[in-house]
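> I would like to see how this sequence folds:
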Amino acid sequence: MTTHSTPLLYKNPQQLTPQLHEGLKLNFEVGFGFASQTNSVPLVIEEFGATCRDYVIVFSTGEVALPLVVLGIESNHNAYVNNKGEWAAETYIPAYVRRYPFIFSEAPGSEDLTLCIDMDAAALNRDKGLGLFDDKKEASDVTQQGLEFCKNFHIQLQQTREFCESLEEADLLVDQQASITLHDGQIQNLTDFRIVDEKKFRQLPLETLQKFHERGWMGLIYAHLISTGSMGKLVAQLKNNPAPTPSA
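Residues are numbered from 1 along each chain as shown. Sure thing, here's the model as predicted:
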């Protein structure tokens with residue numbers, strides 16, 4: 001899966017202030033085109049139950065594992081967003097996507113969080129939509145909602161990291177790859193991700209199982225394992241919205 005040194009989807013995040021952004025509006029009717037060129041986005045653990053019904057959940061490689069939802073095979077293609085910017089109907093939309101264009105910025109060496117907005121977001125304009133600030137230069141309802149969403153996401157992300165750290169401490173995550181046969185018979189390989197090793201999971205010591213049970217993590221592992229059988233749903237979605245053919 002693709003990894004990123006800067007926040008995925010965000011191009012130009014800037015601290016949100018009335019001095020700089022008074023008069024700007026968000027027009028959410030522009031859709032999800034901003035997420036059309038990624039094959040995965042991060043998940044938080046509260047989403048596992050909803051996500052496993054529609055997608056495959058995997059874990060990232062690298063020093064710090066994080067859950068990812070698989071959205072495509074090609075690194076620059078999201079099979080769930082069409083050329084009109086519409087997300088696939090009756091399909092769960094990950095919180096990471098719904099948070100956009102808001103995001104928290106954390107200063108190095110500090111726990112202080114600052115609400116930012118992606119200035120390159122297609123939804124951001126001065127003519128149509130919901131204003132970011134009211135006539136008194138106070139945060140509008142849409143900005144307050146964005147702030148609360150980012151707060152909740154940040155808290156859930158910390159809990160997700162704790163879960164992933166425990167998976168790694170228990171040596172449960174293993175490198176994996178998948179060969180996927182598309183509807184036209186073409187075979188594509190999905191690489192650079194990890195999954196929970198079922199055999200190791202079944203052999204966990206009682207003390208570790210008790211810890212996972214007390215933290216409510218057992219259901220998360222089962223949701224992840226169940227989701228790995230949903231690759232056929234991704235193949236079906238790729239049939240409806242295939243990756244563009246590279247130009248010669």
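> going forward, measure contacts between C-alpha atoms and count neighbours the same way
OK.
> residue boundaries of the helices in this protein?
Under the criterion DSSP state H, the chain contains helices at 18-21, 48-51, 95-99, 141-169, 198-202, 206-215, 218-227, 231-240.
> quick one: closest of those helices to Asn76.
Evaluated over the helices of the chain, closeness to Asn76 peaks at helix 231-240, with 13.2 Å, by CA to CA.
> where's the closest one relative to the chain centroid, distance-wise?
Between the centre of helix 231-240 and the centre of its chain there are 19 Å (CA atoms, centre = their mean, to the nearest Å).
> equivalent analysis for stretch 119-133, please.
In terms of CA atoms, centre = their mean, the centre of stretch 119-133 is set 23 Å apart from its chain centre.
> ok, now stretch 207-226?
So, by CA atoms, centre = their mean, the centroid of stretch 207-226 is 21 Å from its chain's centroid.
> same question for stretch 227-234.
Distance, centroid of stretch 227-234 to centroid of chain: 17 Å (CA atoms, centre = their mean).
> for stretch 165-184, same thing?
17 Å.
> what's that stretch in contact with?
Outside stretch 165-184, the residues that touch it by CA atoms under 8 Å, 6 or more residues apart in numbering are 59, 61, 64-65, 187-197, 200-201, 204, 208, 235-236, 238-239.
> are any of these buried, and which?
The neighbour-count test (16 or more other CA atoms under 10 Å) marks Phe59, Thr61, Ala65, Leu190, Asp192, Phe193, Arg194, Ile195, Val196, Phe201, Val235, Leu238 as buried among these.
> contacts only, for the last one.
Yep, that's Leu238 we're talking about. Gly72, Ala79, Leu182.
> nearest residue to Val30 other than its sequence neighbours?
In space, Val30 comes closest to Ala123 once its chain neighbours are excluded; the distance is 5.9 Å by CA to CA, 6 or more residues apart in numbering.
> please apply the same query to Gln15.
Once flanking residues are discounted, Gln15 sits nearest to Cys116: 4.2 Å by CA to CA, 6+ apart.
> what count of nearby residues applies to that neighbour?
20 (other CA atoms under 10 Å).
> what bridges to it?
For Cys116, the beta-bridge partners under DSSP bridges are Gln15, Ile103.
> correct me if wrong: it contacts Glu106.
No - checked against CA atoms under 8 Å, the pair Cys116 and Glu106 is beyond contact range at 10.2 Å.
> so where's this protein uncertain?
For the chain, the stretches flagged by pLDDT under 70 are 1-5, 108-110, 246-248.
> now do the contacts for the residue nearest to Val30.
Lys25, Leu26, Asn27, Phe28, Glu29, Val30.
> repeat that with 6 Å
Residues near Ala123 by CA atoms under 6 Å, 6 or more residues apart in numbering: Leu26, Asn27, Phe28, Val30.
> sorry, back to before: widest-spaced pair of the buried ones among the contacts of stretch 165-184?
Top of the distance list for the buried ones among the contacts of stretch 165-184 (CA to CA): Phe201 and Leu238, 31.7 Å.
> so how many other residues sit close to Ala89?
9.
> actually Glu29, not the one I typed
Glu29: 12 surrounding residues under other CA under 10 Å.
> mind listing what's buried in stretch 14-30?
Buried-residue list, stretch 14-30, by 16+ other CA under 10 Å: Gln14, Gln15, Leu16, Thr17, His21, Glu22, Gly23, Leu24, Lys25, Leu26, Asn27.
> will you turn the residues you listed into CSV that also has distance to Thr143?
Output for the buried residues of stretch 14-30, formatted as CSV (distance: CA to CA, whole Å):
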residue, distance to Thr143
Gln14, 14
Gln15, 12
Leu16, 9
Thr17, 11
His21, 11
Glu22, 12
Gly23, 13
Leu24, 11
Lys25, 10
Leu26, 10
Asn27, 13
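> show me which of the buried ones among the contacts of stretch 165-184 is closest to Pro94.
The closest of these, once distances to Pro94 are taken by CA to CA, is Phe59, at 15.2 Å.
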